[in-house]
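Novice: Fold the following, please.
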Amino acid sequence: MAEKNNSGIFVCLGVLVIAFLFWYINTRNALVVVDEQVNNAWAEIDNQLQRRSDLIPNFVNTVRGYASHEEAIFAGIANARSKMAGATTVEDKASSYNEMESALSRLLVITEQYPELKANQNFIALQDELAGTENRIAVARQRYNTTVTDFNSRIRVFPGSLFASSMGLRTRPYFEINESARQVPQVNF
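Specialist: Coordinates of the predicted model:
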């Protein structure tokens with residue numbers, strides 16, 4: 001009879017060990033999946049930022065033909081574009097993104113002074129492409145930040161917190177806009 005009790009204990013222990021292994025593997029795999037989702041969401045932002053960066057020289061050249069004396073703005077755009085190309089971290093990309101936004105805003109203000117430029121078909125097409133790209137960037141940023149929220153939550157709460165540091169997982173930064181973009185613009189008629 002003692003032999004029968006021992007085998008029952010071994011079976012129970014075996015079931016517990018197998019259940020623990022399944023839980024362990026499932027938790028680690030879930031963390032890997034969400035980490036890859038963050039990487040994928042970031043790659044989409046990077047892709048859209050590159051698309052915008054590729055459009056900007058054509059846009060600038062079109063405007064330059066009409067407003068060649070606005071060299072300081074063109075230099076600012078070139079500088080912001082090179083910073084964006086060299087940015088490697090989320091924080092650096094966000095900072096260079098905000099700088100590019102500011103430079104493009106100044107360029108768009110200048111275009112208002114040239115009615116013949118605003119009627120130019122190349123300019124209109126490029127402006128539409130840039131607007132579409134800005135919308136794609138906004139959607140990609142939202143997806144990235146949502147994915148980062150999920151990831152950061154999973155590695156900070158149980159059971160993910162047990163495994164995150166051993167897997168080298170750290171909280172990821174959000175892609176945030178600068179404070180000046182949060183202020184309501186002043187419109188004067």
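Novice: Could you use CA atoms for every contact and neighbour count after this?
Specialist: OK.
Novice: What residues sit buried inside stretch 33-43?
Specialist: Neighbour-count burial for stretch 33-43, counted by 16 or more other Cα atoms under 10 Å, picks out 34, 35, 37, 38, 41, 42.
Novice: nope, stretch 43-51 is what I was after
Specialist: Using 16+ other Cα under 10 Å as the burial criterion, the residues of stretch 43-51 that qualify are 44, 45, 46, 48, 49, 50, 51.
Novice: Adding distance to residue 108, pLDDT and secondary structure, write those residues out as a markdown table.
Specialist: Conversion of those to a markdown table gives the following (distance: Cα to Cα, whole Å; pLDDT from 0 to 100; DSSP: H, G, I helix; E, B strand; the rest coil):
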| residue | distance to residue 108 | pLDDT | secondary structure |
| --- | --- | --- | --- |
| 44 | 26 | 96 | helix |
| 45 | 23 | 94 | helix |
| 46 | 23 | 92 | helix |
| 48 | 20 | 93 | helix |
| 49 | 18 | 92 | helix |
| 50 | 20 | 92 | helix |
| 51 | 19 | 93 | helix |
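Novice: So which of the buried residues of stretch 33-43 sit within helices?
Specialist: In helices, defined here by DSSP state H, the members of the buried residues of stretch 33-43 are 34, 35, 37, 38, 41, 42.
Novice: need the contact list for the nearest residue to the last one once chain neighbours are set aside.
Specialist: Spatial nearest neighbour of residue 42, chain neighbours left out: residue 144 (6.0 Å); criterion: Cα to Cα, 6 or more residues apart in numbering. Residue 144 is in contact with 38, 41, 42, 45, 174, 175, counting by Cα atoms under 8 Å, 6 or more residues apart in numbering.
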